[in-house]
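>>> predicted model and sequence below, questions to follow.
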Amino acid sequence: MSLNSGDVSPKQLEGDLAGFRKLSEYLRREAGINLTLSAKNQTLLASRIGKIMNPLGFSTYSELHSALLAGRRDVRDLFINAITTNTTHFFREKQHFDFLAKSIRDVVNHPDKKKSREIRVWCAACSTGEEAYSITMSLSAIFPANEGWHLKILATDIDTDVLKKAARGVYPQEAIESVPDNLKNSCFDRGVGDSDGLVRVRKSLRDLITFAPFNLMSTSYAFQSKFDVIFCRNVMIYFDRPEIQSTIRKLEGCLRLGGLLFLGHSETIIGVTPGLKSRAPAVYERLNTNRKGEAA
Ligand SMILES: C[S@@+](CC[C@H](N)C(=O)[O-])C[C@H]1O[C@@H](n2cnc3c(N)ncnc32)[C@H](O)[C@@H]1O
């Protein structure tokens, strides 16, 4: 979401600094997002909170904080949705998609993979969907449905607004400029009439993805089966070191042996876990190290 400093009321910030601090602390606990460090981040946070205060009928930060602590789900979702930064685009950090295309056959043919022709991918902070669709387009081109492979993509985010946009799969024409030419024509329908200037991801691709809310701060990541590939990019930049470490460990636990974890290029995990081996910049492979009580 964009910053509009007109929404910030410096008086409000000064008059209720304690309430403001409680809100940023709530945000850190609930979503792992730490925006309290710099004056710039404080302005950003105040601006974003400012947008929901009036619609919710709150006049102080403390009132908003009390409603959050009282467990009001509607307030919590509005608050979280207003605060998150959702910047993304198709084939962002393109070298990751090139690496995925180059290595996916090794991943699915790994000796530890049971004889299933199912490929399971988790896109763990998918924002408005461009990343999940980029993965799906790349893999569908390699594993056509008629070869008997089943692609199953789970795409999650903490922000329920972006998930609705993602599931619709409708974007302005300009958004697909970064999509490789060979996929542009085969993966999108062009809008006509009222929808002129818009494109929509083809239904056959949309049907491969399940969009669902998921908070990376959840204490356990309880999925039915492990994933062959996980993308979790450009979200941990907002987390503190302890949250990064525990998130990486939980992501690792969700990967099959030989599976690949893709992080954002500024999200280093050096020293976090011996179970992940670097394969390319910000790409890691799950190794055969024992984790207590875990089946491969
Ligand atoms: C900057 S976007 C990155 C989108 C995409 N992964 C990419 O790299 O283009 C960060 C996303 O992380 C989501 N997010 C922030 N905190 C989260 C959390 N605790 N759990 C899950 N998603 C979170 C935000 O809602 C936002 O959509």
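Great, that's in hand.
>>> what packs against the host helix or strand of D77?
Element membership of D77 [criterion: DSSP states H and E] is helix 73-83. Secondary-structure packing of helix 73-83 (3 or more C-beta pairs under 8 Å, 6 or more residues apart in numbering; DSSP states H and E): helix 17-31, helix 39-56, helix 61-69, helix 160-168. For glycine as for every other residue, the C-beta is placed from the backbone atoms N, C-alpha and C.
>>> skipping its backbone neighbours, what lies nearest L216 in space?
Among residues not flanking L216 along the chain, T247 sits closest, at 5.4 Å (C-beta to C-beta, 6 or more residues apart in numbering).
>>> residues making contact with the strand or helix carrying the one you found?
Using DSSP H and E, T247 falls within helix 241-254. Applying C-beta atoms under 8 Å, 6 or more residues apart in numbering, the contact partners of helix 241-254 are 32, 122, 124, 216-217, 220-221, 223, 226-227, 230, 232, 236, 239, 261, 267, 269, 272-273, 275-276, 286, 291, 294.
>>> keep the residues you listed, but drop any that are not near the ligand.
G32, L216, M217 (C-beta under 6 Å from any ligand atom).
>>> the ligand is nearest to which of the helices and strands packed on helix 73-83?
Taking C-beta to the nearest ligand atom, helix 17-31 is the member of these nearest to the ligand, at 4.1 Å.
>>> spell out which residues of the stretch 101-250 of the chain are next to the ligand.
Checking the stretch 101-250 of the chain against the ligand by C-beta under 6 Å from any ligand atom, the hits are 125, 127, 131, 157-159, 162, 215-217, 233-235.
>>> could you pull out the strands for the stretch 101-250 of the chain?
118-123, 150-157, 170-172, 188-190, 198-201, 209-213, 227-232 (DSSP state E, counting those that start in this stretch).
>>> could I get those in a markdown table, plus columns for mean pLDDT and mean neighbour count?
As requested, these are exported to a markdown table (pLDDT from 0 to 100; neighbours: other C-beta atoms under 10 Å):
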| stretch | mean pLDDT | mean neighbour count |
| --- | --- | --- |
| strand 118-123 | 96 | 22 |
| strand 150-157 | 97 | 20 |
| strand 170-172 | 98 | 16 |
| strand 188-190 | 97 | 16 |
| strand 198-201 | 98 | 19 |
| strand 209-213 | 98 | 17 |
| strand 227-232 | 98 | 24 |
